[in-house]
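>>> Coordinates only, no sequence provided:
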């Protein structure tokens, strides 16, 4: 038993050593630093919420050098920011095997000079907020946001962040990071879809809940003038249950579905109106 425990302990320490060279310290706020990851040559990703400014951001590299960083762009929706530094960086290894609930994973951070580590279990893949979230039971120490979630193969499965909810440890999946990084490097921002409504969750009548396979929907309580919702014919009191075929049981689900890829696209919005289900065609606008 002692030998097995020592082998596991040594393997975890070896895993930390194998990725430490790609973990950096990010100085973008007054209090303690946060963590970033070498994602591509000259490109670092970190958590958006740890950058309280866009100017004067500095990065502490693993070799001890401190360099200035330019904020290329950020997506507050996924709490992701992309930085550029004039330094040669070797990207951290990305996963070749998918995570499974129950897998062990290491959360790593470099809020100061040295890499710190904590271990936990993958407790859920995808949450009510987005499919690209990985929920764990790791202890998120101060400054760990922006650091990697590393699997048993020594590859980075995601970016740890405490920016979504206190008391819940989550990571943004590598696949989601790559999508956002590509968009920010090309455009400098991530487009966000727009309906122009105010809505609140309501419980659905039993027959409709059974029909749409969800217990709640979003009742429209306000509509902005000349908005996509008004132009598309949505009405006050409509209960939205899906957008483009995806359920909308809560506000976060709707916001996630209003992604940049849907801007300018006409999509069916399924609503309960007058006790009946019907589709309303709405062209998604872009949020200013």
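Received it, and whenever you're ready, just let me know what you need. The shown structure was predicted, so the numbers you read here are calculated from the model rather than taken from an experiment. Numbers count the residues shown, from 1 in each chain.

>>> End to end on stretch 226-237, go ahead and measure it.
End-to-end distance of stretch 226-237 (Cα to Cα, to the nearest Å): 18 Å.

>>> swap in stretch 277-288?
31 Å.

>>> again, but for stretch 87-99
31 Å.

>>> And stretch 143-160, by the same measure?
The first-to-last residue distance of stretch 143-160 comes to 10 Å (Cα to Cα).

>>> One more: stretch 242-256?
Start-to-end, stretch 242-256 (Cα to Cα) is 12 Å.

>>> mean confidence score for it?
Stretch 242-256 carries an average pLDDT of 85.

>>> Buried residues in the worst-scoring helix or strand of the chain on mean pLDDT, which are they?
The weakest-scoring helix or strand in the chain, judged by mean pLDDT, DSSP states H and E, is helix 251-257 (a mean of 78). Under the neighbour-count criterion of 16 or more other Cβ atoms under 10 Å, helix 251-257 has 253, 254, 255, 256, 257 buried. Just so you know, the C-beta spots here come from the backbone N, C-alpha and C atoms, and that holds for glycine as well.

>>> Centre of the chain to stretch 247-254, how far?
16 Å (Cα atoms, centre = their mean, to the nearest Å).

>>> mind showing which ranges of the chain have poor pLDDT?
127-131, 165-167 (pLDDT under 70).

>>> Can you tell me the centre-most residue of it?
Taking Cα atoms, centre = their mean, the centroid of the chain lies closest to residue 78, which sits 3.3 Å from it.

>>> Quick check: what element follows the least confident helix or strand of the chain along the chain?
Using DSSP states H and E, the helix or strand that follows helix 251-257 in sequence is strand 266-273.

>>> Neighbouring strands of that next one in the sheet, and parallel or not?
Sheet partners assigned to strand 266-273 using DSSP bridges are listed as strand 239-243 (antiparallel), strand 276-283 (antiparallel).
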